[in-house]
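# sequence below, structure please.
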Amino acid sequence: MFSVLTRGALRQGALGPSLAVRTLASKSGRSSSNNPAKPPPSPKPTAPADAPSTSTSTPVTVPASTPVLSLDFMPGEEPEQKTGAKSSKGSLSSIERRRRNLGRVAFGMFIIAGGVQAVYMTREWEAEELKEKKKRLEDLPATHWGRASTRFTDLFSLFQEPAFSELLPPPMPAPHGKPYTLVLSIDDLLVKSAWSREHGWRTAKRPGVDYFLAYLSQFYEIVIFTSQYSYTGAAVIEKLDPYGMFIDTTHRLFRESTRSVKGSIVKDLSLLNRDLSKLIVVDTDADHVALQLDNAIIPPKWDGSRGDRGLIALIPFLESIGIYKPPDVRPIIKAYQGKDIPIEYAKREAEDKQKHVAKWSGKAKPIDATISSLFFSSAPVRIPTTAASASPVPLTYLEQKRKEAQALYLEEQAFITKNKDEFERLIEQDKQAMAAQMPDNLIGMLSVMTGGAPPPPPAQQQPSNAGTEGAQGSGGAAGAA
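Purely as a prediction, here's the structure:
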């Protein structure tokens, strides 16, 4: 009895009173609306109180007219009722329409401005542009498309061009300045760098490089233009010219000063602020000087051999240009392109020497007059000449200037040797002064990097003198009191 009543109570209250009432009300409402004459369903028959208790429940048959209970909270959906209003699905609000129109207007204005700018870029070259680019009108494209593409490319020159349009300061006036400029590379021309697992990177100086720089600095303004970055190339230049006597600190250019042309680095000599008619560049890579090949000498690369004489062999040719001072060096260099310059120039200098000797021999006359011939009309007496009394062949103009330049070189080397200790002391003093000016904290270093002035060094206090003076002042005041 207890088991049957418990199951019946649980079965009736399992869904909860509210859900059961809601479901029955919904179902009854639908039934009444569809079949108004149909009587309400009869209640379920309950088991008698004295029925025997069993462990299994007997299934109860439900009449067909009885509504089926559902556990769904939304057992049925109400049919959609149309009110006649227009749906807003797919339509835009007034703010969104205004935003779309403004976007279209802005895009149209951008297209129009781009077209106007493109047409403006096709204009003729102006004088200010030629002055800024340091180029002649015939060196720039003359077509509309060429002018527009060149100007468009210049917009992205920040990543392809050097930071400055003039890489060197203005030349010094005579007599301090040199009339010609010699631009030299470093790699495979002046030095040779090699890496090994045992020693790492090692750099060797080419035989004769010290004499090459010191001697030619009398005729040329020496400029180092290397493809290395400054943090590696600066140390090499310091070893080549430790005292800064032949290569000025403002005449040292590194990879940061090169241009990027089709992905390759190029040394543009037109940015050196020098007359190209009086400029010579010596580089072992023709691609680095592809823009000014008429000014370039391309010697073979140094392979690192100790008996190399290639750099010394170039001196007579460069020396002759500095001595004769031609108005334009480009035709001379062009005449030697594709040839071994040291050998070809040695041949021409030997030919000029032979012509000079032959010309002097034809003008030389033996002395056949005596003092007596000046007073008497008798036939002059011929004085035989001997090898000792014969005049030697005079030096050519080139040989005279070369002899003077060599004497000046020896004089400079003697001066450097004599004052070497003083130079070393001055260099060390400069290093200490620079180290003292460097900030010792992060804030000061950032200030220097951003262009600010370094912080002043802290004032040195003298506690002993200050304490003595203070004690004397106190004693004097106490005595006066």
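
# from here on, contacts and neighbour counts on C-alpha atoms
Noted.

# correct me, but Ser230 touches Thr258?
No. Using C-alpha atoms under 8 Å, Ser230 makes no contact with Thr258, being 11.9 Å away.

# neighbour count winner among these two?
Thr258 (24 against 16; other C-alpha atoms under 10 Å).

# show me the contacts for that one.
Residues near Thr258 by C-alpha atoms under 8 Å, 6 or more residues apart in numbering: Glu161, Pro162, Ser227, Ile265, Val266, Lys267, Asp268.

# for this protein, name the helix or strand with the lowest mean pLDDT.
helix 463-480 (a mean of 41; mean pLDDT, DSSP states H and E).

# following the longest helix seen in the chain, which helix or strand shows up next?
With secondary structure taken from DSSP state H, the chain has its longest helix at helix 94-120. Scanning forward in sequence from helix 94-120 by DSSP states H and E, the next helix or strand is helix 127-133.

# pLDDT (mean, whole number) over the next helix or strand after that following helix?
Next helix or strand after helix 127-133 toward the C-terminus (DSSP H and E): helix 144-154. Averaged across helix 144-154, the pLDDT comes to 84.

# tell me which residues are up against helix 144-154.
Ala118, Met121, Thr122, Arg123, Glu124, Trp125, Leu140, Pro141.

# buried residues in it?
By neighbour count on 16 or more other C-alpha atoms under 10 Å, the buried set for helix 144-154 is Arg147, Ala148.

# what helices or strands is the helix or strand following that helix leaning on?
Sequence order places strand 180-184 as the next helix or strand after helix 144-154, per DSSP H and E. Applying 3 or more C-alpha pairs under 8 Å, 6 or more residues apart in numbering; DSSP states H and E, we find strand 180-184 packed against strand 220-225, strand 279-282.

# so the host helix or strand of Ala234 versus strand 220-225, what angle?
Secondary structure assigned from DSSP H and E places Ala234 in helix 230-240. Helix 230-240 and strand 220-225 are oriented at 150 degrees to each other (axes from the mean of the first three to the mean of the last three C-alpha atoms, to 10 degrees).

# quick one: average pLDDT of helix 230-240?
Here the average pLDDT along helix 230-240 is 91.

# so who does His356 touch?
Residues near His356 by C-alpha under 8 Å, 6+ apart: Thr396.

# so it, which state does it fall into?
helix (DSSP: H, G, I helix; E, B strand; the rest coil).

# just the helices in the stretch 301-450 of the chain please.
Here the stretch 301-450 of the chain has its helices, by DSSP state H, counting those that start in this stretch, at 310-313, 315-324, 330-335, 341-363, 397-418, 420-437, 442-449.

# in a markdown table: those helices, plus mean pLDDT and distance to Leu213.
Output for the helices of the stretch 301-450 of the chain, formatted as a markdown table (pLDDT from 0 to 100; distance: least, C-alpha to C-alpha, whole Å):
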| stretch | mean pLDDT | distance to Leu213 |
| --- | --- | --- |
| helix 310-313 | 94 | 10 |
| helix 315-324 | 95 | 10 |
| helix 330-335 | 94 | 20 |
| helix 341-363 | 90 | 17 |
| helix 397-418 | 94 | 11 |
| helix 420-437 | 87 | 18 |
| helix 442-449 | 68 | 34 |
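
# just the buried positions in the helix holding Ala234, please.
Ser230, Gly233, Ala234, Val236, Ile237, Leu240.

# stretch 295-307 now?
Residues of stretch 295-307 classed as buried: Asn295, Ala296, Ile297, Ile298, Pro299, Trp302, Gly304 (neighbour count, 16+ other C-alpha under 10 Å).

# which residues does it contact?
So stretch 295-307 is contacted by 188-189, 192, 204, 206-207, 276, 279-286, 289, 308, 310, 329-330, 333, 337 (C-alpha under 8 Å, 6+ apart).

# any weak-confidence spans in the chain?
1-90, 134, 156-160, 364-391, 440, 445-446, 448-481 (pLDDT under 70).

# before we move on, what SS does the closest residue to Gly200 other than its chain neighbours have?
Among residues not flanking Gly200 along the chain, Ala194 sits closest, at 8.0 Å (C-alpha to C-alpha, 6 or more residues apart in numbering). With three-state DSSP as the basis, Ala194 sits in strand.

# show the contacting residues for Ala194.
Contacts of Ala194 (C-alpha under 8 Å, 6+ apart): Gly200, Trp201, Arg202, Thr203.

# just to revisit the earlier point, most surrounded residue in the contacts of Thr258?
Lys267 (25 neighbours).

# quick one: it and Ile95, what's the gap?
57 Å (C-alpha to C-alpha, to the nearest Å).
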